[in-house]
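Asker: heads up, no residue letters with this:
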């Protein structure tokens, strides 16, 4: 009988299956450019109703619920119907300056979880809280509000923080979740920890990739190190990427297997001494990272189609996004990709593929200022444009914002 993913929780020790990962050869400096239309297809447009009260920025996020598009534009969230009507503007900065929402897809909720400013927590305090995360006394150190998107009032509701919130966890399925934060500090009580830990409610059930929580060399004095877990196109299958590791792992059923291995030139490869000789202090580590800015830090995300793989790589002090063509084995730097007439000069990936991916489709929000530049490409000649795009350009000095749906080609 095929074991389902959550049954892996019954296995007492992790199984790292032995198999050969698919190799991806990449030279970041040599990765070239191309026209956008080489990679994307099947464009669909959703013109959005203008907001009378606020201007738009280029830096906006998008979530898609059963009934709405949610556009997070710095200080507030615009809620749109699936036909583009503005339903509500949710202003959340009244909660605090550094408060941002997290979208819970399973519950269709916006969650605002943040530190209670009445308490000044030290690094040692945070360690103690993580060590005792399920203790109700920790609730006072945080505040939590939700907005239930199934309730058309979109009202803020005060809620108690949960262990899931305090651990900053990632939901796998139902009430199973995993953590991904990696931390090394002499103040931890236990020496053993795992880069990926799976929980059910408040109960730890399994860990993967053990490390020494008090003095692990590669993580000593490191900041913001995480083991990223993400969904794939296959239900029940997840990809895991780890700091300073060139391998992408697949978590499925009761095992973790190497799925892809990124083969980099020596200029990007971390030397063996990095894993063997500890840094003396945080300053020495920072200097190393600054002086070796193109050494691999981590592969952060991967999205796969039959032909193309799209992945994001963090280096010690640099960043890149790349498309790998399985058919030709060529690699492209997304920042060298140019919009073209076939895709109506819309900048969908040439500034980085920071679009939302869901069910194999990508979604990109284009603000009015960006669309004004697109309009100039046409010099007012609108023949041949899709009707939705024409409608967006009715006022060329202030176009309607637009959501564009597209796919990465399969062949």
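Answerer: Perfect, I can see it now. Bear in mind that the values here come from a model prediction, so they are computed numbers and not experimental data.

Asker: for the stretch 301-411 of the chain, what spans make up the helices?
Answerer: Residue ranges of the helices in the stretch 301-411 of the chain, as given by DSSP state H, counting those that start in this stretch, are 368-378, 387-392.

Asker: may I see the buried residues of the first one?
Answerer: Using 16 or more other CB atoms under 10 Å as the test for burial, helix 368-378 gives 368, 370-371, 374-375, 378. All C-beta spots, glycine's among them, are computed from the backbone N, C-alpha and C.

Asker: stretch 161-175 too?
Answerer: By neighbour count on 16+ other CB under 10 Å, the buried set for stretch 161-175 is 161-167, 169-172.

Asker: redo the helices of the stretch 301-411 of the chain as CSV? Include mean pLDDT and distance to residue 292.
Answerer: What follows is the helices of the stretch 301-411 of the chain, written out as CSV (pLDDT from 0 to 100; distance: least, CB to CB, whole Å):
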stretch, mean pLDDT, distance to residue 292
helix 368-378, 84, 35
helix 387-392, 86, 45
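
Asker: can I get these in JSON lines with distance to residue 155?
Answerer: Output for those, formatted as JSON lines (distance: least, CB to CB, whole Å):
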{"stretch": "helix 368-378", "distance to residue 155": "30"}
{"stretch": "helix 387-392", "distance to residue 155": "32"}
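
Asker: in strands only, show me the buried residues of stretch 161-175.
Answerer: Judged by DSSP state E, the buried residues of stretch 161-175 include 170-172 as members of strands.

Asker: gap between residue 115 and residue 93?
Answerer: Residue 115 sits 16 Å away from residue 93, going by CB to CB, to the nearest Å.

Asker: out of those two, which sits in the busier spot?
Answerer: The residue with more neighbours, out of residue 115 and residue 93, is residue 115; 15 against 12, by other CB atoms under 10 Å.

Asker: contacting residues around that one?
Answerer: 121, 141-143 (CB atoms under 8 Å, 6 or more residues apart in numbering).

Asker: list buried residues within these.
Answerer: Neighbour-count burial (16+ other CB under 10 Å) is assigned, among the contacts of residue 115, to 141-143.

Asker: nearest to residue 180 among those?
Answerer: If you rank the buried ones among the contacts of residue 115 by distance to residue 180 using CB to CB, residue 142 comes first, at 19.0 Å.

Asker: find the nearest non-adjacent residue to that closest one, please.
Answerer: Counting by CB to CB, 6 or more residues apart in numbering, the nearest residue to residue 142 once its immediate chain neighbours are dropped is residue 161, at 4.5 Å.

Asker: for the one you found, give me its contacts.
Answerer: Counting by CB under 8 Å, 6+ apart, residue 161 touches 113, 138-139, 142-144.

Asker: and the gap between it and residue 147?
Answerer: Applying CB to CB to residue 161 and residue 147 gives a distance of 16 Å.

Asker: try residue 73
Answerer: In this view, residue 73 and residue 147 are 16 Å apart by CB to CB.

Asker: before we move on, back to that, residue 279: which of the buried ones among the contacts of residue 115 is nearest?
Answerer: Using CB to CB, the buried ones among the contacts of residue 115 come closest to residue 279 at residue 141, 30.6 Å.

Asker: so who does that closest one touch?
Answerer: The contact partners of residue 141, by CB under 8 Å, 6+ apart, come to 115-116, 119, 121, 125, 129.

Asker: again, only this time at 10 Å
Answerer: Shown in contact with residue 141 (CB atoms under 10 Å, 6 or more residues apart in numbering): 115-116, 118-119, 121, 125-126, 129, 161, 166.

Asker: repeat that for residue 175.
Answerer: Neighbours of residue 175 in contact, by CB under 10 Å, 6+ apart: 6, 106, 164, 199-201.

Asker: try residue 108
Answerer: Contact analysis of residue 108 by CB under 10 Å, 6+ apart lists 63, 65-68, 147-151.

Asker: buried ones in stretch 194-209?
Answerer: Of the residues in stretch 194-209, 194-199, 205-209 count as buried by neighbour count, 16+ other CB under 10 Å.
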